[in-house]
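J.: I would like to see how this sequence folds:
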Amino acid sequence: MFKKIMVPVHHDQKEKLGRALTVAAEMALRYDAEVCYVSVTSRAPGPSGRTPEAKTDALAAFAADQAQRLDIARVSSHLELNHDPTTQLGAALLAALDTVGADLVVMASHMPGWSDMVTGNHGGWMASNARCSVFVIRD
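T.: Residues are numbered from 1 along each chain as shown. Next up, the predicted model:
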């Protein structure tokens, strides 16, 4: 049913992704699908690395760790560079979706709050705008 599952990950919120990571792994096992971990970042130094190359290496290491811990046969990673990932996250994730060619997105979300009424939320935006199915997992 699914061949490639895209899982957006944020470098400093990986601890909040538990259920989404598990669901993506279980779906990959069920459908013999590849899991592609995607991160959107700028070229500026940050917690996951000082350069885009270091950030790419950190994301690849994260993907390899997930493959080993969750027994996923095929994993990949993709770093989507964007000059302003805070305000352009949705568009950057759609660009990454086109680049990696996934046919399902599994992403973590939070319980909606008052700020979502003003700013919206990324999971809902992706579900409304992606060309494929989006499975939003609340922790």
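J.: what comes up buried for the lengthiest helix in the chain?
T.: Once the chain is assigned using DSSP state H, the helix that runs over the most residues is helix 52-70. Judged by neighbour count using 16 or more other CB atoms under 10 Å, the buried positions of helix 52-70 are 55, 56, 58, 59, 60, 62, 63, 66, 67, 70. (C-beta placed from N, C-alpha, C; glycine too.)
J.: same check, this time on stretch 99-109
T.: Buried residues in stretch 99-109, counted by 16+ other CB under 10 Å: 100, 102, 103, 104, 105, 106, 107, 108, 109.
J.: re the thing from before, give me the contact list for the longest helix of the chain.
T.: 9, 11, 14, 21-22, 25, 35-37, 39, 41, 43, 46, 48-49, 72-79, 81 (CB atoms under 8 Å, 6 or more residues apart in numbering).
J.: how does it look with 10 Å?
T.: 7, 9, 11, 14, 17, 21-22, 24-26, 28-29, 35-39, 41-49, 51, 72-79, 81 (CB atoms under 10 Å, 6 or more residues apart in numbering).
J.: quick one: which of those residues sit in strands?
T.: When DSSP state E is applied, the contacts of helix 52-70 are split such that 7, 35-39, 41, 75-79, 81 fall in strands.
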